[in-house]
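Asker: sequence-free structure coming up:
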(Lines give C-alpha, C1' and ligand atoms only; values in the text may rest on other atoms or scores of the structure.)
Protein backbone atom coordinates (compact mmCIF):
# COMPACT_ATOMS: atom_id res chain seq x y z
CA UNK A 1 0.00 0.00 0.00
CA UNK A 2 1.46 3.36 -1.06
CA UNK A 3 2.21 5.82 1.74
CA UNK A 4 -0.37 8.55 2.18
CA UNK A 5 2.10 11.33 2.94
CA UNK A 6 5.01 12.91 1.10
CA UNK A 7 8.58 12.08 2.08
CA UNK A 8 11.80 13.49 0.65
CA UNK A 9 15.37 12.30 0.55
CA UNK A 10 17.50 14.59 2.70
CA UNK A 11 20.34 15.04 0.21
CA UNK A 12 20.74 18.77 -0.27
CA UNK A 13 18.41 19.59 2.63
CA UNK A 14 20.61 18.91 5.65
CA UNK A 15 21.72 21.86 7.78
CA UNK A 16 25.40 22.17 8.66
CA UNK A 17 24.83 22.07 12.41
CA UNK A 18 21.95 23.60 14.39
CA UNK A 19 23.18 26.56 16.38
CA UNK A 20 25.91 27.41 13.88
CA UNK A 21 25.96 30.09 11.16
CA UNK A 22 24.88 28.97 7.76
CA UNK A 23 21.42 30.09 6.68
CA UNK A 24 19.82 33.03 4.90
CA UNK A 25 17.04 34.91 6.69
CA UNK A 26 14.88 37.98 6.10
CA UNK A 27 15.26 40.56 8.86
CA UNK A 28 13.03 43.54 9.59
CA UNK A 29 15.04 46.31 11.25
CA UNK A 30 12.28 48.81 12.03
CA UNK A 31 8.65 49.85 11.48
CA UNK A 32 7.88 50.92 7.94
CA UNK A 33 11.03 49.33 6.55
CA UNK A 34 11.39 46.54 4.04
CA UNK A 35 12.81 43.17 4.91
CA UNK A 36 16.55 42.70 4.32
CA UNK A 37 18.12 39.46 3.15
CA UNK A 38 20.89 38.53 5.56
CA UNK A 39 23.30 35.62 5.17
CA UNK A 40 25.30 33.42 7.54
CA UNK A 41 22.74 33.56 10.32
CA UNK A 42 22.44 30.97 13.07
CA UNK A 43 20.44 27.86 12.30
CA UNK A 44 17.89 27.46 15.11
CA UNK A 45 18.34 24.69 17.66
CA UNK A 46 15.79 22.30 19.14
CA UNK A 47 14.86 23.14 22.73
CA UNK A 48 12.64 20.17 23.58
CA UNK A 49 12.04 16.55 22.46
CA UNK A 50 8.74 17.55 20.84
CA UNK A 51 10.36 20.05 18.47
CA UNK A 52 11.41 19.44 14.87
CA UNK A 53 13.76 21.28 12.52
CA UNK A 54 12.29 21.95 9.09
CA UNK A 55 14.11 22.89 5.89
CA UNK A 56 11.70 25.42 4.39
CA UNK A 57 10.61 24.59 0.85
CA UNK A 58 7.80 27.11 0.37
CA UNK A 59 6.47 30.11 2.32
CA UNK A 60 2.84 31.22 2.39
CA UNK A 61 2.31 34.96 2.82
CA UNK A 62 -0.27 36.45 5.19
CA UNK A 63 -1.56 40.03 5.56
CA UNK A 64 0.15 40.23 8.97
CA UNK A 65 3.51 39.88 7.20
CA UNK A 66 3.16 43.41 5.79
CA UNK A 67 0.72 44.96 8.27
CA UNK A 68 2.94 44.19 11.26
CA UNK A 69 5.96 46.17 10.00
CA UNK A 70 3.80 48.89 8.41
CA UNK A 71 1.76 49.56 11.56
CA UNK A 72 4.37 48.54 14.13
CA UNK A 73 2.82 45.53 15.83
CA UNK A 74 3.77 41.88 16.16
CA UNK A 75 7.47 42.79 16.43
CA UNK A 76 8.70 41.60 19.86
CA UNK A 77 12.16 43.11 19.27
CA UNK A 78 14.38 44.36 16.46
CA UNK A 79 15.78 43.14 14.21
CA UNK A 80 13.21 40.35 13.84
CA UNK A 81 12.24 37.49 11.55
CA UNK A 82 8.58 37.24 10.51
CA UNK A 83 6.55 34.74 8.53
CA UNK A 84 3.62 32.65 9.72
CA UNK A 85 3.10 29.91 7.11
CA UNK A 86 5.49 27.44 5.55
CA UNK A 87 5.94 23.91 4.26
CA UNK A 88 9.18 21.98 4.23
CA UNK A 89 11.02 18.74 4.93
CA UNK A 90 11.83 17.58 8.46
CA UNK A 91 15.62 17.32 8.79
CA UNK A 92 15.88 16.76 12.54
CA UNK A 93 13.42 15.17 14.95
CA UNK A 94 13.52 13.11 18.15
CA UNK A 95 13.18 9.38 17.45
CA UNK A 96 10.48 9.08 20.11
CA UNK A 97 8.01 11.28 18.24
CA UNK A 98 4.94 9.24 17.36
CA UNK A 99 3.66 10.92 14.19
CA UNK A 100 6.39 13.02 12.55
CA UNK A 101 9.62 11.51 11.21
CA UNK A 102 12.78 12.83 9.54
CA UNK A 103 12.10 13.09 5.82
CA UNK A 104 8.39 13.92 6.20
CA UNK A 105 7.15 16.91 4.24
CA UNK A 106 5.03 18.99 6.60
CA UNK A 107 3.09 22.23 6.72
CA UNK A 108 3.44 24.30 9.84
CA UNK A 109 1.69 27.51 10.91
CA UNK A 110 3.80 29.70 13.17
CA UNK A 111 1.24 31.10 15.61
CA UNK A 112 3.92 31.47 18.29
CA UNK A 113 5.28 34.66 16.74
CA UNK A 114 7.32 35.59 19.83
CA UNK A 115 9.65 32.64 19.22
CA UNK A 116 11.93 33.80 16.41
CA UNK A 117 13.09 30.20 15.81
CA UNK A 118 9.61 29.37 14.48
CA UNK A 119 9.39 32.18 11.91
CA UNK A 120 8.96 31.20 8.26
CA UNK A 121 11.20 33.81 6.59
CA UNK A 122 14.34 31.72 6.95
CA UNK A 123 15.83 28.61 5.38
CA UNK A 124 15.44 26.48 8.52
CA UNK A 125 12.57 26.83 10.97
CA UNK A 126 11.52 25.16 14.21
CA UNK A 127 8.10 23.65 14.75
CA UNK A 128 6.62 21.15 17.20
CA UNK A 129 5.07 17.82 16.37
CA UNK A 130 1.71 19.08 17.64
CA UNK A 131 1.93 22.13 15.35
CA UNK A 132 2.81 20.33 12.10
CA UNK A 133 0.76 18.29 9.65
CA UNK A 134 2.12 15.85 7.11
CA UNK A 135 1.41 16.76 3.48
CA UNK A 136 -0.47 14.16 1.41
CA UNK A 137 1.37 12.66 -1.56
CA UNK A 138 -1.04 14.10 -4.11
CA UNK A 139 -1.05 17.65 -2.71
CA UNK A 140 1.26 20.31 -4.22
CA UNK A 141 3.68 21.65 -1.63
CA UNK A 142 2.77 25.20 -2.69
CA UNK A 143 -0.84 24.59 -1.72
CA UNK A 144 0.08 23.17 1.67
CA UNK A 145 2.30 26.17 2.46
CA UNK A 146 -0.68 28.56 2.55
CA UNK A 147 -3.11 26.46 4.58
CA UNK A 148 -1.83 26.44 8.14
CA UNK A 149 -2.78 29.77 9.72
CA UNK A 150 -6.10 29.93 7.86
CA UNK A 151 -7.07 26.42 8.97
CA UNK A 152 -6.07 26.92 12.60
CA UNK A 153 -7.86 30.29 12.77
CA UNK A 154 -11.04 28.88 11.24
CA UNK A 155 -11.01 25.75 13.41
CA UNK A 156 -10.41 27.59 16.68
CA UNK A 157 -13.03 30.24 15.87
CA UNK A 158 -15.66 27.62 15.11
CA UNK A 159 -14.62 25.10 17.74
CA UNK A 160 -13.89 27.36 20.71
CA UNK A 161 -15.65 30.69 20.13
CA UNK A 162 -18.81 29.14 18.67
CA UNK A 163 -18.57 25.72 20.32
CA UNK A 164 -18.84 23.66 17.14
CA UNK A 165 -18.35 19.95 17.88
CA UNK A 166 -16.08 18.61 15.12
CA UNK A 167 -16.70 15.03 16.21
CA UNK A 168 -19.92 15.23 14.20
CA UNK A 169 -17.82 15.08 10.99
CA UNK A 170 -17.65 11.31 11.30
CA UNK A 171 -16.09 8.55 13.39
CA UNK A 172 -13.23 7.94 10.92
CA UNK A 173 -11.84 11.44 11.47
CA UNK A 174 -11.85 11.21 15.30
CA UNK A 175 -12.33 14.95 15.27
CA UNK A 176 -12.19 16.92 18.50
CA UNK A 177 -14.79 18.59 20.65
CA UNK A 178 -12.47 21.47 21.56
CA UNK A 179 -14.55 22.90 24.39
CA UNK A 180 -14.77 19.54 26.13
CA UNK A 181 -11.03 19.03 25.59
CA UNK A 182 -10.26 22.40 27.19
CA UNK A 183 -12.32 21.52 30.24
CA UNK A 184 -9.82 18.72 30.90
CA UNK A 185 -6.80 21.03 30.63
CA UNK A 186 -5.23 22.62 33.70
CA UNK A 187 -6.56 26.22 33.59
CA UNK A 188 -3.06 27.44 34.42
CA UNK A 189 -1.88 26.04 31.08
CA UNK A 190 -4.08 28.62 29.36
CA UNK A 191 -2.70 32.13 28.92
CA UNK A 192 -4.50 34.61 31.15
CA UNK A 193 -5.66 36.73 28.20
CA UNK A 194 -7.49 33.81 26.54
CA UNK A 195 -8.50 31.73 29.58
CA UNK A 196 -11.97 33.22 29.92
CA UNK A 197 -12.67 32.84 26.19
CA UNK A 198 -11.59 29.21 26.30
CA UNK A 199 -13.50 28.23 29.43
CA UNK A 200 -16.43 30.66 29.60
CA UNK A 201 -16.76 32.17 26.13
CA UNK A 202 -19.99 30.40 25.23
CA UNK A 203 -22.65 28.61 27.25
CA UNK A 204 -23.52 25.01 26.45
CA UNK A 205 -27.03 26.10 25.44
CA UNK A 206 -25.62 28.58 22.91
CA UNK A 207 -23.26 26.25 21.04
CA UNK A 208 -23.70 26.10 17.28
CA UNK A 209 -25.05 22.83 15.94
CA UNK A 210 -26.14 21.17 12.73
CA UNK A 211 -28.90 23.08 10.98
CA UNK A 212 -27.93 26.47 12.41
CA UNK A 213 -27.10 29.37 10.11
CA UNK A 214 -23.68 31.01 10.15
CA UNK A 215 -22.71 34.05 8.08
CA UNK A 216 -19.11 34.56 6.95
CA UNK A 217 -18.29 38.10 5.80
CA UNK A 218 -15.20 37.79 3.63
CA UNK A 219 -15.99 34.20 2.70
CA UNK A 220 -13.59 34.21 -0.28
CA UNK A 221 -10.56 34.76 1.98
CA UNK A 222 -8.46 31.73 2.85
CA UNK A 223 -9.82 31.62 6.41
CA UNK A 224 -13.35 32.24 5.19
CA UNK A 225 -13.17 29.41 2.65
CA UNK A 226 -11.83 26.92 5.17
CA UNK A 227 -14.36 27.99 7.81
CA UNK A 228 -17.12 27.52 5.23
CA UNK A 229 -15.97 23.98 4.47
CA UNK A 230 -15.55 22.98 8.12
CA UNK A 231 -18.99 24.37 8.90
CA UNK A 232 -20.58 22.39 6.07
CA UNK A 233 -18.84 19.18 7.17
CA UNK A 234 -20.59 19.65 10.52
CA UNK A 235 -24.01 20.27 9.00
CA UNK A 236 -24.30 24.05 9.33
CA UNK A 237 -26.04 26.28 6.81
CA UNK A 238 -23.58 28.88 5.52
CA UNK A 239 -24.11 32.36 4.13
CA UNK A 240 -21.07 33.68 2.27
CA UNK A 241 -20.65 37.44 1.85
CA UNK A 242 -18.12 38.21 -0.89
CA UNK A 243 -17.63 39.64 -4.36
CA UNK A 244 -20.05 37.16 -5.92
CA UNK A 245 -19.12 37.95 -9.52
CA UNK A 246 -15.47 37.12 -8.87
CA UNK A 247 -15.69 34.38 -6.26
CA UNK A 248 -19.22 33.02 -6.34
CA UNK A 249 -18.38 29.89 -8.32
CA UNK A 250 -15.72 28.61 -5.93
CA UNK A 251 -17.87 29.45 -2.90
CA UNK A 252 -20.70 27.36 -4.33
CA UNK A 253 -18.25 24.53 -5.00
CA UNK A 254 -17.15 24.78 -1.37
CA UNK A 255 -20.77 24.28 -0.30
CA UNK A 256 -22.17 27.74 0.50
CA UNK A 257 -25.96 27.66 0.89
CA UNK A 258 -26.45 31.35 0.11
CA UNK A 259 -24.22 33.95 -1.52
CA UNK A 260 -24.63 37.66 -0.78
CA UNK A 261 -22.73 40.32 -2.68
CA UNK A 262 -20.58 42.55 -0.49
CA UNK A 263 -20.74 45.71 -2.59
CA UNK A 264 -24.05 47.00 -1.22
CA UNK A 265 -23.77 46.45 2.53
CA UNK A 266 -27.26 47.75 3.32
CA UNK A 267 -28.72 45.29 0.85
CA UNK A 268 -26.49 42.51 2.21
CA UNK A 269 -27.79 43.05 5.75
CA UNK A 270 -31.39 43.10 4.49
CA UNK A 271 -30.94 39.86 2.55
CA UNK A 272 -29.33 38.02 5.44
CA UNK A 273 -31.96 39.13 7.91
CA UNK A 274 -34.71 38.29 5.45
CA UNK A 275 -33.49 34.80 4.58
CA UNK A 276 -32.80 33.85 8.21
CA UNK A 277 -35.97 35.60 9.42
CA UNK A 278 -33.88 37.48 11.96
CA UNK A 279 -32.75 34.25 13.62
CA UNK A 280 -29.05 34.28 12.67
CA UNK A 281 -26.90 33.74 15.79
CA UNK A 282 -23.38 33.22 14.45
CA UNK A 283 -21.22 35.56 12.41
CA UNK A 284 -17.55 35.40 11.41
CA UNK A 285 -15.91 38.48 9.87
CA UNK A 286 -12.52 38.21 8.15
CA UNK A 287 -12.37 41.74 6.73
CA UNK A 288 -12.37 44.50 9.36
CA UNK A 289 -14.18 46.47 12.02
CA UNK A 290 -16.62 48.18 9.61
CA UNK A 291 -17.86 44.93 8.08
CA UNK A 292 -17.96 43.28 11.50
CA UNK A 293 -20.29 46.09 12.58
CA UNK A 294 -22.54 45.42 9.59
CA UNK A 295 -22.48 41.70 10.34
CA UNK A 296 -23.56 42.42 13.90
CA UNK A 297 -26.67 44.08 12.46
CA UNK A 298 -27.57 40.73 10.87
CA UNK A 299 -27.61 38.85 14.17
CA UNK A 300 -30.62 38.11 16.32
CA UNK A 301 -30.96 40.44 19.29
CA UNK A 302 -33.82 38.63 20.97
CA UNK A 303 -33.33 36.03 23.68
CA UNK A 304 -36.76 34.43 23.96
CA UNK A 305 -35.21 30.95 24.24
CA UNK A 306 -32.36 32.12 26.46
CA UNK A 307 -29.71 31.83 23.74
CA UNK A 308 -27.37 34.64 22.71
CA UNK A 309 -25.80 35.54 19.37
CA UNK A 310 -22.05 35.34 18.78
CA UNK A 311 -19.70 37.35 16.57
CA UNK A 312 -15.99 36.80 15.94
CA UNK A 313 -13.98 39.44 14.08
CA UNK A 314 -10.52 38.41 12.97
CA UNK A 315 -9.26 41.93 12.31
CA UNK A 316 -11.61 43.97 14.49
CA UNK A 317 -14.99 43.88 16.23
CA UNK A 318 -17.67 46.53 16.71
CA UNK A 319 -16.86 49.08 19.39
CA UNK A 320 -20.13 48.41 21.15
CA UNK A 321 -21.98 45.09 21.15
CA UNK A 322 -25.71 45.20 20.63
CA UNK A 323 -28.08 43.57 23.08
CA UNK A 324 -27.77 39.80 23.28
CA UNK A 325 -24.60 39.68 21.11
CA UNK A 326 -21.33 38.26 22.49
CA UNK A 327 -18.12 39.51 20.83
CA UNK A 328 -15.28 37.00 20.68
CA UNK A 329 -11.51 37.32 20.49
CA UNK A 330 -10.08 34.23 18.79
CA UNK A 331 -7.70 32.46 21.24
CA UNK A 332 -5.21 31.45 18.54
CA UNK A 333 -2.38 30.87 21.01
CA UNK A 334 -4.11 27.77 22.38
CA UNK A 335 -2.84 26.05 19.22
CA UNK A 336 0.79 26.23 20.37
CA UNK A 337 0.29 26.66 24.14
CA UNK A 338 -1.89 23.57 24.61
CA UNK A 339 -0.33 20.54 22.87
CA UNK A 340 -3.60 18.58 23.04
CA UNK A 341 -5.35 21.28 20.98
CA UNK A 342 -2.58 21.55 18.41
CA UNK A 343 -2.18 17.81 18.00
CA UNK A 344 -5.87 17.02 17.51
CA UNK A 345 -6.25 19.85 14.98
CA UNK A 346 -3.21 18.72 12.98
CA UNK A 347 -4.33 15.08 12.97
CA UNK A 348 -7.77 16.18 11.78
CA UNK A 349 -6.21 18.32 9.04
CA UNK A 350 -4.12 15.39 7.81
CA UNK A 351 -7.20 13.18 7.56
CA UNK A 352 -9.32 15.83 5.86
CA UNK A 353 -6.61 16.47 3.27
CA UNK A 354 -6.03 12.78 2.57
CA UNK A 355 -9.79 12.25 2.17
CA UNK A 356 -10.01 15.41 0.01
CA UNK A 357 -12.69 16.80 2.29
CA UNK A 358 -10.95 20.17 2.53
CA UNK A 359 -10.00 22.18 -0.54
CA UNK A 360 -6.86 24.34 -0.15
CA UNK A 361 -6.93 28.02 -1.11
CA UNK A 362 -6.04 29.00 -4.65
CA UNK A 363 -2.44 30.11 -4.90
CA UNK A 364 -0.38 32.63 -6.82
CA UNK A 365 3.34 31.87 -7.05
CA UNK A 366 5.90 34.64 -6.55
CA UNK A 367 9.44 34.02 -7.73
CA UNK A 368 12.74 35.03 -6.21
CA UNK A 369 12.88 33.05 -2.97
CA UNK A 370 13.51 35.03 0.19
CA UNK A 371 14.77 37.94 -1.90
CA UNK A 372 11.41 38.13 -3.70
CA UNK A 373 9.22 38.41 -0.60
CA UNK A 374 9.26 42.23 -0.42
CA UNK A 375 7.90 42.47 -3.95
CA UNK A 376 5.33 39.75 -3.26
CA UNK A 377 4.13 41.55 -0.12
CA UNK A 378 3.58 44.69 -2.20
CA UNK A 379 0.94 42.74 -4.14
CA UNK A 380 -0.91 42.09 -0.87
CA UNK A 381 -0.38 45.65 0.34
CA UNK A 382 -1.90 47.09 -2.85
CA UNK A 383 -4.82 44.64 -2.87
CA UNK A 384 -3.75 43.33 -6.26
CA UNK A 385 -4.59 39.74 -5.37
CA UNK A 386 -8.08 38.79 -4.20
CA UNK A 387 -9.31 35.36 -3.19
CA UNK A 388 -5.87 33.78 -3.58
CA UNK A 389 -2.86 33.22 -1.36
CA UNK A 390 0.66 34.10 -2.42
CA UNK A 391 3.30 31.40 -2.05
CA UNK A 392 7.04 31.90 -2.39
CA UNK A 393 9.07 28.75 -3.15
CA UNK A 394 12.58 28.53 -1.72
CA UNK A 395 13.31 25.27 -3.50
CA UNK A 396 14.14 26.34 -7.08
CA UNK A 397 13.04 22.97 -8.43
CA UNK A 398 9.39 23.89 -7.80
CA UNK A 399 9.51 27.61 -8.62
CA UNK A 400 8.18 27.12 -12.11
CA UNK A 401 5.94 24.17 -11.42
CA UNK A 402 2.44 24.44 -12.80
CA UNK A 403 -0.07 24.80 -10.01
CA UNK A 404 -3.50 23.32 -10.49
CA UNK A 405 -6.07 23.54 -7.71
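Answerer: That came through fine. Everything quoted here is computed from the prediction, not taken from an experiment.

Asker: check contacts around residue 85.
Answerer: Residues near residue 85 by Cβ atoms under 8 Å, 6 or more residues apart in numbering: 59-62, 107, 109-110, 120, 145-149. For the C-beta atoms, the positions are set from N, CA and C on the backbone; glycine is no exception.

Asker: Make TSV out of those residues and add neighbour count.
Answerer: As requested, the contacts of residue 85 are arranged in TSV below (neighbours: other Cβ atoms under 10 Å):
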residue	neighbour count
59	32
60	29
61	26
62	27
107	31
109	29
110	26
120	32
145	30
146	28
147	27
148	29
149	23
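
Asker: Tell me which entries of those lie within helices.
Answerer: Among these, the members found in helices (DSSP state H) are 148-149.

Asker: would TSV of the contacts of residue 85 with distance to residue 155 be doable?
Answerer: Formatted as TSV, these follow (distance: Cβ to Cβ, whole Å):
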residue	distance to residue 155
59	22
60	17
61	21
62	16
107	14
109	11
110	16
120	20
145	18
146	16
147	11
148	11
149	11
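
Asker: quick one: which of the contacts of residue 85 is nearest to residue 130?
Answerer: residue 109 (11.7 Å; Cβ to Cβ).

Asker: got the contact list for the residue lying closest to the closest one once chain neighbours are set aside?
Answerer: In this structure, residue 109 finds its nearest non-sequential neighbour in residue 148, 2.9 Å apart by Cβ to Cβ, 6 or more residues apart in numbering. With contacts defined as Cβ under 8 Å, 6+ apart, the neighbours of residue 148 are 60, 84-86, 107-110, 133.

Asker: Domain map for the protein?
Answerer: If you go by automatic domain parsing, the domain ranges for the chain are 21-147+360-398, 152-334.

Asker: how far does the longest one stretch from start to finish?
Answerer: Read that as domain 152-334. 10 Å (Cα to Cα, to the nearest Å).

Asker: What lies in contact with stretch 94-105?
Answerer: Outside stretch 94-105, the residues touching it (Cβ under 8 Å, 6+ apart) are 5-10, 46, 49-52, 57, 87-93, 106, 129, 132, 134-135, 141, 144, 347.

Asker: which SS class is residue 301?
Answerer: coil (DSSP: H, G, I helix; E, B strand; the rest coil).

Asker: Now do the strands in the stretch 1-150 of the chain.
Answerer: Applying DSSP state E, counting those that start in this stretch to the stretch 1-150 of the chain gives strands spanning 21-27, 36-42, 51-60, 85-93, 105-109, 124-128, 133-134.

Asker: Redo the domains of the chain as a markdown table? Include distance to residue 353 and mean pLDDT.
Answerer: Listed next are the domains of the chain as a markdown table, based on distance: least, Cβ to Cβ, whole Å; pLDDT from 0 to 100:
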| stretch | distance to residue 353 | mean pLDDT |
| --- | --- | --- |
| domain 21-147+360-398 | 5 | 95 |
| domain 152-334 | 11 | 96 |
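
Asker: I'd guessed residue 37 sits against residue 28; true?
Answerer: No - assessed by Cβ atoms under 8 Å, residue 37 is found out of contact with residue 28, at 11.5 Å.

Asker: Between these two, which is the more surrounded one?
Answerer: Neighbour tally, residue 37 and residue 28, criterion other Cβ atoms under 10 Å: the higher count belongs to residue 28, 20 against 15.

Asker: who does that one bridge with?
Answerer: Here residue 28 sits in beta bridges with residue 80, going by DSSP bridges.

Asker: so how far is residue 170 from it?
Answerer: 43 Å (Cβ to Cβ, to the nearest Å).

Asker: what sits against residue 208?
Answerer: By Cβ under 8 Å, 6+ apart, the contact list for residue 208 reads 158, 162-164, 214, 236, 281-282, 310.

Asker: so which helix or strand takes in residue 193?
Answerer: Secondary structure assignment for residue 193, by DSSP states H and E: helix 192-200.

Asker: Whichever helix or strand comes after that helix packs against which elements?
Answerer: Next helix or strand after helix 192-200 toward the C-terminus (DSSP H and E): strand 213-217. For strand 213-217, the packing partners by 3 or more Cβ pairs under 8 Å, 6 or more residues apart in numbering; DSSP states H and E come out as helix 222-233, strand 237-242, strand 282-285, helix 289-298.

Asker: what angle do the last one and strand 213-217 make?
Answerer: Regarding helix 289-298 and strand 213-217, their directions subtend 160 degrees when assessed with axes from the mean of the first three to the mean of the last three Cα atoms, to 10 degrees.

Asker: quick revisit: most tightly surrounded among the helices and strands packed on strand 213-217?
Answerer: Scoring the helices and strands packed on strand 213-217 by mean neighbour count under mean count of other Cβ atoms under 10 Å gives strand 282-285 as the most buried, with a mean of 29.

Asker: Identify the residues contacting residue 282.
Answerer: Per Cβ under 8 Å, 6+ apart, neighbours of residue 282: 162, 208, 212-215, 299, 309-311.

Asker: Tell me the secondary structure at residue 181.
Answerer: At residue 181 the chain is in helix, as set by three-state DSSP.

Asker: number of nearby residues for it?
Answerer: 17.

Asker: From residue 64, how far off is it?
Answerer: Taken as Cβ to Cβ, the span from residue 181 to residue 64 is 27 Å.

Asker: In TSV: the helices and strands packed on strand 213-217, plus distance to residue 177.
Answerer: TSV is the format used below for these (distance: least, Cβ to Cβ, whole Å):
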stretch	distance to residue 177
helix 222-233	14
strand 237-242	20
strand 282-285	17
helix 289-298	26
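
Asker: wait, which of these is closest to residue 385?
Answerer: Here helix 222-233 is closest among those (Cβ to Cβ), at 11.2 Å.

Asker: what angle sits between the closest one and strand 237-242?
Answerer: If you take the same axes, to 10 degrees, helix 222-233 sits at 160 degrees to strand 237-242.

Asker: Buried subset of the contacts of stretch 94-105, written for ChimeraX?
Answerer: To isolate the buried ones among the contacts of stretch 94-105 in ChimeraX, judged by 16 or more other Cβ atoms under 10 Å, type:
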select :5,6,7,8,46,50,51,52,57,87,88,89,90,91,92,93,106,129,132,134,135,141,144,347
